[in-house]
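Peer 1: Got a sequence here, can you model it:
(chains A, B, C and D)
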Protein chains: 2
Amino acid sequence: MRTDDQRAAALGQVLELALLVNDDMTRSLGRDGLTPSRAHLLWELRGRGPSTQSVLAAALGVSPRNITGLVDGLVATGFVTREPHPTDRRATLVSFTDRGARTAAEFERGQLEFASVLFDGMPDRRFDGLVQGLADVLDRLRAAMATAEARS
Amino acid sequence: MRTDDQRAAALGQVLELALLVNDDMTRSLGRDGLTPSRAHLLWELRGRGPSTQSVLAAALGVSPRNITGLVDGLVATGFVTREPHPTDRRATLVSFTDRGARTAAEFERGQLEFASVLFDGMPDRRFDGLVQGLADVLDRLRAAMATAEARS
DNA sequence: TATTGTTATACTCTATAACTATA
DNA sequence: TATAGTTATAGAGTATAACAATA
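Peer 2: Reported below is the predicted structural model:
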């Protein structure tokens, strides 16, 4: 049987992992002149192609006002442009600049490198145990957050 | 041999875990009227007892100016007080109010509950595999961030 | 001269509410 | 009447730099 101590230690691992992953990501993005929120917008844009701000607001789960600010920042730093929407004169289309498209494409390369750091040379058995354990924990966490969401 | 796809999927799990843990924590703290940064300050205070702001700045790894703001917020919301330092008239001691001490003590209870959500009913073999995998990944991540730190 | 914490200034992320232009 | 995006306002976290009081 597992002791409370063992569970607390495992939780500590999970919390530290979340912290370190966050820090690593923030630093890496900072080297590209990006913040996590702006990078998230680029990521969504990469998956959707040119998008209106209201679509981006829904995708990121933030207010329209906030999207105005994020796009302002990304325009000022040369990652995206605002173009008139071809048929709806109320809307604007946010599109990549060359630099923005290049940067977003490199997110994938960055992820491969990060996967190397985390998993290269790890024995298969341990890797498999990790993957199964994470799948289980993620299921529990998703379920817990869904019920918390529903209750609110 | 592991494929790139398997590694990418495992990385996706790690990133999602970091995201969900962060969100869950932020929501839970919000219910107590706290932000992550303010909660972090309370956590350090709990481990150290009454502390000067400069000690807290070093503990949180943020600027002294930032600590002024965090303590301002925690004083305004009734979690801590500023007291004169008994021997150094430049410094102030940040101490818990009753409410702050109670809240910080409940962080531990909250962690036990969170551990329950993540691990209750998980087969021992899977739990052990998860713990070993996390230990390995954490070692790699700490090492990578330490060398990145040293290089900068 | 060095340290502690403040004020001054600035940038980012976030929100709600009011408003304009357009559908 | 509803939608898209803006301005207005506000709060929180973060930083550097200048400064006052004290060591």
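
Peer 1: so where is chain A shaky, pLDDT-wise?
Peer 2: Residues of chain A that meet the criterion pLDDT under 70 lie in A:1, A:152.

Peer 1: now do 90
Peer 2: In the predicted model of chain A, residues A:1-5, A:146-152 satisfy pLDDT under 90.

Peer 1: Which parts of it are strands?
Peer 2: Remark: strands of chain A, listed N- to C-terminal, are A:51-52, A:80-84, A:92-96; assignment by DSSP state E.

Peer 1: hmm, the first one touching DNA strand D?
Peer 2: Yes - Strand A:51-52 is in contact with DNA strand D by C-beta under 7 Å from any atom of the strand, via residue A:52. Heads up, the C-betas are built off the backbone N, CA and C, glycines and all.

Peer 1: From the contact counts, what lies against that strand?
Peer 2: strand A:92-96 (3 or more C-beta pairs under 8 Å, 6 or more residues apart in numbering or on different chains; DSSP states H and E).

Peer 1: Mind listing residues that contact the strand it packs on?
Peer 2: A:42, A:45-46, A:50-53, A:56, A:71, A:79-86, A:104 (C-beta atoms under 8 Å, 6 or more residues apart in numbering or on different chains).

Peer 1: separation between residue A:31 and residue A:66?
Peer 2: From residue A:31 over to residue A:66 the distance is 24 Å, taken as C-beta to C-beta, to the nearest Å.

Peer 1: Show me which of these two is the more surrounded one.
Peer 2: residue A:66 (16 against 9; other C-beta atoms under 10 Å in any protein chain shown).

Peer 1: Next up, the contacts around that one.
Peer 2: Going by C-beta under 8 Å, 6+ apart, residue A:66 touches A:57, A:60.

Peer 1: I'd like the distance between it and residue B:38.
Peer 2: 22 Å.

Peer 1: With residue A:125 instead?
Peer 2: Distance of residue A:125 to residue B:38, computed by C-beta to C-beta: 42 Å.

Peer 1: I'm done for today, thanks for sticking with me.
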